[in-house]
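Undergrad: sequence below, structure please.
(chains A and B)
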Amino acid sequence: MTNSRNIKSFFTALPKNIFSGFVVSLIALPLGIGLALASEVPPIAGIITAVIGGVLVALLGGSNVTITGPGNGLVGVVASAVLLYADQSGLTGSEALHQGYLIVLAAVICSGLLMLILGFLRLGKLSNYFPSSAIQGMLAAIGLIILGKQFHIMMGNRISRNGNLEYLAEIPQTIINSFSYNDKSLTLAMLSGVISLVIMVFYAKIRNKYLQLIPAPMWIVLLAIGFSYYYELVLQLPNPIHSDYMISGIPEAHEIIANIPTPNFKEIGTIGFWGVVLSLTLIASIESLLSIKAVDKLDPEKRRSNVNRDIKAIGFANIIAGFLGGLNVVTVIARSSVNVNNGASNRSSNFFHASFLVIFIVLFSTELTRIPLPALMAILVFTGWKLAHPLKLIDTFKIGKEQGFIFLTTLIITISIGLIEGIVAGIIATGLIHLIINKSVMPFVRNILKPNVLMFKETDTNNYYVSVKNFCTFLNYSKLKRKLDTIPETEEAIIDFSMCDFVDHTVMENIADYKETFRKKGGNLEIIGLDLLDAGSKHPFGLRRLLPVKKVLESTGVLTNRQELIKTIAKELDYSYTVRKKIETEYLENFIYFKTKTINHTYNEIGKKDTVFKVFDVEFYEGEFIAKEVVRATMLYTKLDHVLPMFSIHREGLLELMYHYAGFKDIKIEKEPIFSKKFYIKGENEFAIQQLITPKLAEFLLDNPTFHIESNGKALLIFTKERLAGVNEIKKMKIFTNELKKLL
Amino acid sequence: MTHFGTILTGIAFSPNLKANVFETLRLGSLLNAKVVLVHVGDKNNKKEQQILEYCSAFPEFKDQVSVIWKSGNPVEVIITACKEQQADLLILGAAKQKKINKYYLGAVAKKIAKKAPCSLLLLIKPSVDRIPCRHIVVNGLKHPKTNNTIQASFEFASAIGSSNVTIVEEVSQSEVTIKVDDDKSLEKSTLLQEQILERETSRVSIILNEIDSSLKKGINIKSQGIFGTRGYSIGHYAKVKRADLLVMNKPEKSTFWDKIFPQDIDYILSELPTDVLIIH
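TA: Presented below is the predicted three-dimensional model:
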């Protein structure tokens, strides 16, 4: 019974998943090629990785809406290993690189084997033992390594240096030199890179439905190919970009199959080889686990991924990928978030993303050689920049100076020595700081092995109660995690730290994640007992000894023009006006619109306390990492007097038409054909919604078509566009709402 | 049969002496038991005078009190006294860790505790004035000794006028054989946990039914299941619930393995969450 229902729902969701798989493949194609090139391996290796990962993890994995493929984190390790083995091979040029590539393939296979073992031993939790700030530092270092190296290629200045620091230090020189290229073809190569970077940076800021249909990396690919055809067909000239800076050698499909490389295991006895294997395993696991955790938060159905199963699947995919000439398969955050935003509902979208990649390669592999290298590297430079954004360091310092120190230690050691050394340094730095803060080793030594977490279900209230004793840091966080994982997120739970002398940042941050998951799934997780401890900083994730001081959100005091006007309206209407940012936004989260979005805060709020009617600006984002888009919009929220079905109504546009074909359900209102045709109506209870749309309401909405209306059952959310509204628009919104409420 | 016919305590002339003697005598009178005070060391008039003075604070009860003066190894003296006097309950005081609010059993007391042939009461904060014992937490382990322990707890509770008794069933986490990986396994494991707890609660309720209703009168009885390391989590629970007394089974004779791996009781003895009563 349930089985046949599952199969049915799988098939009904299939169009959506094919659609999102398609959109993801548009990003995966340029990224895959770019990552492979940056890793000093043949470009097709990136596509092979994505295809193998997509197919195998879709079939065997345990997560729901993640996308797997080549990851950014591994670029540095793979590239340096390829170059090292290329040097040792005694050959030169591309042959040497090929030798390096074959040895790296063997390392990929071995790391796959290690991950498989980790999965079977249920050691997915190993990553819990890494302090958050050290992981952040490591990721930033990876970002800098990618950025440092690819920046030069993006600017049309290919250089080869020994250390990561040298690449970074030469960036200014490369920028200065780029103004004085004598060769016009180099200048054009540089321009293609810079324009691509501009596209990457500004794409998220432009909220145009039609532009956003195609992801930024694909725009770059399309523009580049278009440019090349313009020269070839219209101007009848050869491509003016320097041939060294064009993608070379994307083989055709049959050649790929005929020329599958054979991994070279001759280095398997050396320590260096296993160092590479360990680095690959470490990064692939951490990147995957972090991504899975982040994607679970985006999943509209709020499912919990089976992490160990996913790790096993990824490990297995690594082994196969290695044998077929691919790199390490990891779960990737940016592509996964695009997947979620385009309506994916199960693992099949990952499979379809792989399938579309195969189709692209079969049909268009020769077209891809029309893409200039700098354009692709711009995508990677942007990725690197996002990973190593200075705000990350500033944010870490805000949490606490000691966290900033851990971050920097990890970052510097990773860049200057290596990944494993970096993360080890991060762990040691964290441990030392904990000792210094507590001025004693004893509490740690005495209590490290003792079970310190008690959990029980209170018999009278049915709440889960978790009490933590002694200390709780990255060293023993997994004990707490194990208990927390057994609590269904739909329940009420309390974590009590009052018997704890020391709680560190890693724990605070992870608990904040749990808190969010609980809230999203309808439960509640409360933290108590921190008020006795003394905080390292005012940041809610700061290590403690203390209570989560609600983020004190600053306001400058000086109002902008718009704020002054809003203030005047508020006065006219006898409403109160608060400029201050508010982070209590739970009331917005159960609207359909916000299901796949994360709200940062609301601000500029006007409203009346007693009637629960308010207009505010809200800042939220969708997508993660390079696909992240921060949006600010003005919305109106009002409580309803009576219960309504959940629905979302807005005017149909091209985008909805496409979604429609992709299987998103639009409720038809038979009595009101014109209304039904012009408006896009979504909701669960089809019958109740059809009942709701009276002729009068339909007429009213047809007269006022600009509004997006949503009901969560108890309240209405109304807005015009996904941007801040002007003062007049706010007024109109208010009048519209009053009329609408009368009709509902 | 009563579990607390004769109470024995070792006394030393420390600042805590008065509190220790008062606690023992008060308990003796509440339990209607004989009290034996054992002093390790030579007898002298001044000390005897002091003890008599303390005893006179309990005028109706002082006839039940006897004092033994004997020098030698404190561990041996006390253990022999327990045997000779056929003591049912031995009271020991705990030491407090410097600065932090943690109590543990001193080296001598620990040795005595391990060798004692009778039940043990470990007091963390002996007091001259009476501090009412409101809440008693009792272990409800699945073990043949548990019936007796629960029986004794009720005798004790009703004698000292305690109003709350909670029976805690500790279930080892390893009994929950389903590992939580995703939503489905979480559902299964939650269900399994509920079944185990239900089973444990019904087991304890059978024991509770056998207890004489006069002992249960006026006592609010609760039963609570906990998943966690045995011996440890009950102590943690007692502390969380701010219980005044924790009652536990006496552990089995230690074997070779127990010396390497800490036993249930070791967790409790190295960090006393509250007053602890160990029933022999």
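
Undergrad: buried ones in stretch A:95-108?
TA: Neighbour counts over stretch A:95-108 (16 or more other CB atoms under 10 Å in any protein chain shown) mark A:96-108 as buried. For every residue, glycine as well, the C-beta is placed using N, CA and C.

Undergrad: take it, keep the C-alpha atoms, and write them as PDB.
TA: The C-alpha trace of stretch A:95-108 is given here as PDB (Å, rounded to 0.1, in the frame of the first residue of the first chain):
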ATOM      1  CA  GLU A  95      52.800  14.100 -20.700                       C
ATOM      2  CA  ALA A  96      54.200  14.800 -17.300                       C
ATOM      3  CA  LEU A  97      50.900  16.200 -16.200                       C
ATOM      4  CA  HIS A  98      49.100  13.100 -17.500                       C
ATOM      5  CA  GLN A  99      51.400  10.900 -15.400                       C
ATOM      6  CA  GLY A 100      50.600  13.000 -12.300                       C
ATOM      7  CA  TYR A 101      46.900  12.700 -13.200                       C
ATOM      8  CA  LEU A 102      47.100   8.900 -13.300                       C
ATOM      9  CA  ILE A 103      48.700   8.700  -9.900                       C
ATOM     10  CA  VAL A 104      46.100  11.100  -8.400                       C
ATOM     11  CA  LEU A 105      43.400   8.800  -9.800                       C
ATOM     12  CA  ALA A 106      44.900   6.000  -7.600                       C
ATOM     13  CA  ALA A 107      44.800   8.400  -4.600                       C
ATOM     14  CA  VAL A 108      41.100   9.100  -5.400                       C
END
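
Undergrad: list the contacts of residue A:635.
TA: Each residue near residue A:635 by CB atoms under 8 Å, 6 or more residues apart in numbering or on different chains is listed here: A:588, A:615-618, A:717-719.

Undergrad: and the residues you listed as a markdown table, adding distance to residue B:90 and secondary structure?
TA: Formatted as a markdown table, these follow (distance: CB to CB, whole Å; DSSP: H, G, I helix; E, B strand; the rest coil):
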| residue | distance to residue B:90 | secondary structure |
| --- | --- | --- |
| A:588 | 63 | helix |
| A:615 | 73 | strand |
| A:616 | 68 | strand |
| A:617 | 71 | strand |
| A:618 | 68 | strand |
| A:717 | 69 | strand |
| A:718 | 75 | strand |
| A:719 | 75 | strand |
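
Undergrad: farthest-separated two in the buried residues of stretch A:95-108?
TA: Farthest pair in these (CB to CB) is A:96 and A:108. Separation: 18.9 Å.

Undergrad: and the contacts of residue A:635, which is closest to residue B:42?
TA: Nearest to residue B:42 among the contacts of residue A:635 is residue A:588, at 79.6 Å by CB to CB.

Undergrad: mark which of the contacts of residue A:635 are buried, thanks.
TA: Among the contacts of residue A:635, those classed as buried by 16+ other CB under 10 Å are A:588, A:615-618, A:717-719.

Undergrad: out of those, which is nearest to chain B?
TA: The nearest member of these to chain B, counting by CB to the nearest CB, is residue A:588 at 25.0 Å.

Undergrad: my guess is the closest one contacts residue A:595. True?
TA: No - assessed by CB atoms under 8 Å, residue A:588 is found out of contact with residue A:595, at 10.9 Å.

Undergrad: so, low pLDDT: which residues of the chain?
TA: The chain I'm using is chain A. Applying pLDDT under 70 to chain A picks out residues A:1-3, A:124-127, A:207-209, A:531-558, A:609-611, A:625-627, A:652-665.

Undergrad: sorry, I should have been clearer: chain B.
TA: The model of chain B has pLDDT under 70 over residues B:1-2, B:13-15, B:97-101, B:252-267.

Undergrad: and for the helix or strand hosting residue A:406, what's in contact with it?
TA: Assigned by DSSP states H and E, residue A:406 belongs to helix A:401-416. The contact list for helix A:401-416, computed with CB under 8 Å, 6+ apart, reads A:131, A:133-134, A:136-138, A:140-142, A:144-145, A:163-165, A:168, A:392-393, A:396-397, A:421-423, A:425-426, A:429-430, A:433, A:437, A:505, A:536-537, A:542-543.

Undergrad: quick one on the thing from earlier: among the buried residues of stretch A:95-108, which one sits closest to chain B?
TA: residue A:108 (26.2 Å).

Undergrad: show me which residues of the stretch 451-600 of chain A sit near chain B.
TA: Proximity of the stretch 451-600 of chain A to chain B, by CB under 8 Å from any CB of the partner chain, involves residues A:451, A:453-459, A:465, A:467, A:469, A:485-486, A:488, A:496, A:499, A:501.

Undergrad: return the subset of these lying in strands.
TA: If you go by DSSP state E, these have A:453-457, A:465, A:467, A:469, A:496, A:499, A:501 in strands.

Undergrad: these: which two are farthest apart?
TA: Spanning the widest gap among these are A:457 and A:501, at 26.3 Å by CB to CB.

Undergrad: what ranges does chain B have for its helices?
TA: Per DSSP state H, chain B carries helices over the ranges B:17-31, B:45-55, B:74-84, B:107-115, B:146-160, B:183-210, B:213-216, B:232-240, B:256-260, B:264-270.

Undergrad: could those be laid out in TSV, adding distance to residue A:725?
TA: As requested, the helices of chain B are exported to TSV (distance: least, CB to CB, whole Å):
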stretch	distance to residue A:725
helix B:17-31	72
helix B:45-55	82
helix B:74-84	82
helix B:107-115	73
helix B:146-160	67
helix B:183-210	40
helix B:213-216	68
helix B:232-240	51
helix B:256-260	71
helix B:264-270	62
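
Undergrad: in CSV: the ones you listed, plus mean neighbour count.
TA: Listed next are these as CSV, based on neighbours: other CB atoms under 10 Å in any protein chain shown:
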stretch, mean neighbour count
helix B:17-31, 20
helix B:45-55, 13
helix B:74-84, 18
helix B:107-115, 17
helix B:146-160, 21
helix B:183-210, 15
helix B:213-216, 12
helix B:232-240, 25
helix B:256-260, 9
helix B:264-270, 21
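
Undergrad: re earlier: drop anything exposed from the ones in strands among the residues of the stretch 451-600 of chain A next to chain B.
TA: Buried among those (16+ other CB under 10 Å): A:453-457, A:465, A:467, A:469, A:496, A:499, A:501.

Undergrad: leaving out sequence neighbours, find the closest residue to residue B:229.
TA: Spatially, and ignoring its direct neighbours in sequence, residue B:229 is nearest to residue A:451 (4.4 Å; CB to CB, 6 or more residues apart in numbering or on different chains).

Undergrad: wouldn't that neighbour be in contact with residue B:230 here?
TA: No - using CB under 8 Å, residue A:451 is not in contact with residue B:230, being 10.0 Å away.

Undergrad: measure the residue nearest the centre of chain A to chain B for me?
TA: Central residue of chain A (CA atoms, centre = their mean): residue A:624, 2.7 Å from the mean position. Residue A:624 sits at a distance of 21 Å from chain B (criterion: CB to the nearest CB, to the nearest Å).

Undergrad: if I pick that residue, what's in contact with it?
TA: A:294-295, A:298, A:333-334, A:336-337.

Undergrad: how's chain B carved up into domains?
TA: Domain segmentation of chain B under automatic domain parsing yields B:1-131, B:132-280.

Undergrad: dump those into JSON lines; add distance to residue A:410 as well.
TA: Output for those, formatted as JSON lines (distance: least, CB to CB, whole Å):
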{"stretch": "domain B:1-131", "distance to residue A:410": "33"}
{"stretch": "domain B:132-280", "distance to residue A:410": "30"}
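
Undergrad: between those, which gets nearest to residue A:264?
TA: The closest of the domains of chain B to residue A:264 is domain B:132-280. By CB to CB, the value is 36.7 Å.
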